[in-house]
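Engineer: A structural model of the following input is requested.
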Amino acid sequence: MALPMLLIVDDERTTREGLNAALEDHFDIYLAQDIKAAMRLLEEENFDVVLTDLRMADKEDGFELIRRAKSLSRPPVCLLMTAYGSEDVAVEAMKHGADDYLSKGRMQIDELEMRITRALKRRNLEEENTVLHRELSSRFGLENVVGESPALLKILEVVEQVSPTRATVLLRGESGTGKEVIAKAIHQLSPRAKAPMITVHCAALNANLLESELFGHEKGAFTGANERRIGRFERAHGGTLFLDEIGEIDASIQVKLLRFLGERTFERVGSSKTLSADVRLITATNKDLEKMVKEGTFREDLFFRLRVVEIMMPPLRDRSEDIPLLAVKFLKEFSKENQKAVTHLSRDALELLRRYPWPGNVRELRACLEHAVIFASGSAVQIRDLPPSVKEWRPQRQTEPGATGKARSESVSEHRFEGGDFPASLPSVKEAEKLLIMRALEESFGNRTRAAEKLGISRRTLHRKLREYQLQKE
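Structural biologist: Residues are numbered from 1 along each chain as shown. Next up, the predicted model:
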């Protein structure tokens, strides 16, 4: 294992060589007799520790060297030695970035080694924390949100705006649309990122257990409460509490949540002592809360408190442009996890993924790619490798109102008008134009830029036509 690299800077030869002899068993040592030589070595080598004298010949001082060392991209641990020991010098050394200060007159080699080792451990721990924070940001921040559809980009704009605040956020949308991923991104992009994000799935617990889980309980508060329990609000202090499936909580917990949002206080179950916690609340639901408010099953005042910022997550079928990107991400993930060399999807498989309606949204797509990687026999995922629910799917056929019972395909591309397969009556110019636009959009998998190119019109004209024919999705 490589020894830590130590630069010793002192204009006294006996001091330099004495320190070298005493420390050479534990460090890879370089020596410099003045600041200029030390500066050159700092440019050439990546030192772990700099041990420098304060006062040297030609009025040079160690402060200048420490300032330079600390400006490097990976600054070394810096220790300052001086024969002129005083509290003022120690304070000045720390101001210039020194990690420790030693008096030459009282310096012992054992103590010097101990101080260097302690400073190195502290520096290494800080570097590990920085790397861990970067990895967490990469895993849970916006880097983990995959897609380039207009709907998703609008959401990311809101995430970047709301993250630095302490505003309560309500995430809404169908199951599997990625609400928890967005909640984690908000937390990781916020000033609370170094504090915990605690997640509670409200539907998984009955009312009594959920109350105890959120607010904690005292010993003896109820049968089975054999010791005090710290609740999720206390554990999330300084960070974020994410309550998934908020529509499942009962009236008594709704009251306690409302109080917390108003006063930032609560009590443990079985206690009258009021506690407080600095917690940001993010909630999510796939339920119609407005309907629940009208029915009296969800408090209106709590609803408005939770909905300071509302983010509506679109279903995957409304952001089909993102399906190929998500598919590639999951393909890489599961290929690595299963140690298989599956590198891409066949054109037919990808086209089927784009057309499939994904009732289970991103969660279903992820499970589909895991299945496909497991069953793939080559480097490419084929249709045969997909789950039966996907590979056997066909567009539903339905009878149009007023028709004579002739089934029509939901997909415009089924209308080939070839081999005598003409419609019963020729369409009007507007009907034909509408059909062409629908076909171009389908063949472009919903990408309006490509559809406009196929039709030979501008994107602006396409938007106008979509509104005219009521094809514009709200």
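
Engineer: With adjacent residues omitted, what lies nearest to E17?
Structural biologist: Distance criterion Cβ to Cβ, 6 or more residues apart in numbering; nearest residue to E17, sequence neighbours excluded, is L31 at 7.7 Å. Yep, even glycine has a C-beta here, placed from its N, CA and C like the rest.

Engineer: now L455
Structural biologist: Distance criterion Cβ to Cβ, 6+ apart; nearest residue to L455, sequence neighbours excluded, is A440 at 5.1 Å.

Engineer: And R67, by the same measure?
Structural biologist: Of all residues not flanking R67 in the chain, H96 sits nearest, at 5.8 Å (Cβ to Cβ, 6+ apart).

Engineer: Can you report how many residues lie near A93?
Structural biologist: As a burial measure, A93 scores 23 neighbours (other Cβ atoms under 10 Å).

Engineer: was I right about it contacting Y101?
Structural biologist: Yes - in this structure A93 lies within contact range of Y101 using Cβ atoms under 8 Å: 4.7 Å.

Engineer: Which neighbours do the two have in common?
Structural biologist: L80 (Cβ atoms under 8 Å, 6 or more residues apart in numbering).

Engineer: circling back: residue contacts, the residue nearest to R67?
Structural biologist: Taking Cβ under 8 Å, 6+ apart as the test, what H96 contacts is 63, 66-67, 70.

Engineer: repeat that for 6 Å
Structural biologist: 63, 66-67 (Cβ atoms under 6 Å, 6 or more residues apart in numbering).

Engineer: R67 should be in a strand, yeah?
Structural biologist: No - judged by DSSP: H, G, I helix; E, B strand; the rest coil, R67 forms no part of a strand; its state is helix.

Engineer: Which residue ranges make up the domains of this structure?
Structural biologist: 5-132, 145-314, 317-391, 397-468 (automatic domain parsing).

Engineer: any chance of those domains in JSON lines, with mean pLDDT too?
Structural biologist: Output for those, formatted as JSON lines (pLDDT from 0 to 100):
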{"stretch": "domain 5-132", "mean pLDDT": "84"}
{"stretch": "domain 145-314", "mean pLDDT": "93"}
{"stretch": "domain 317-391", "mean pLDDT": "93"}
{"stretch": "domain 397-468", "mean pLDDT": "58"}
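
Engineer: in the stretch 151-300 of the chain, which spans are helices?
Structural biologist: For the stretch 151-300 of the chain, applying DSSP state H, counting those that start in this stretch gives helices covering 179-188, 207-215, 232-235, 251-263, 289-295, 300-306.

Engineer: Can you give the distance from the first one to the centre of its chain?
Structural biologist: Going back to what we said before, that points to helix 179-188. With Cα atoms, centre = their mean, to the nearest Å as the basis, helix 179-188 stands 6 Å off its chain's centre.

Engineer: CA atoms only for it - export them in CSV, please.
Structural biologist: Output of helix 179-188 as CSV, limited to C-alpha atoms (Å, rounded to 0.1, in the frame of the first residue of the first chain):
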residue,chain,number,x,y,z
LYS,A,179,-43.7,10.3,-7.7
GLU,A,180,-41.2,9.0,-5.2
VAL,A,181,-38.3,9.7,-7.6
ILE,A,182,-39.4,13.3,-7.9
ALA,A,183,-39.7,13.6,-4.1
LYS,A,184,-36.2,12.3,-3.7
ALA,A,185,-35.0,14.8,-6.3
ILE,A,186,-36.6,17.7,-4.5
HIS,A,187,-34.9,16.6,-1.3
GLN,A,188,-31.5,16.1,-2.8
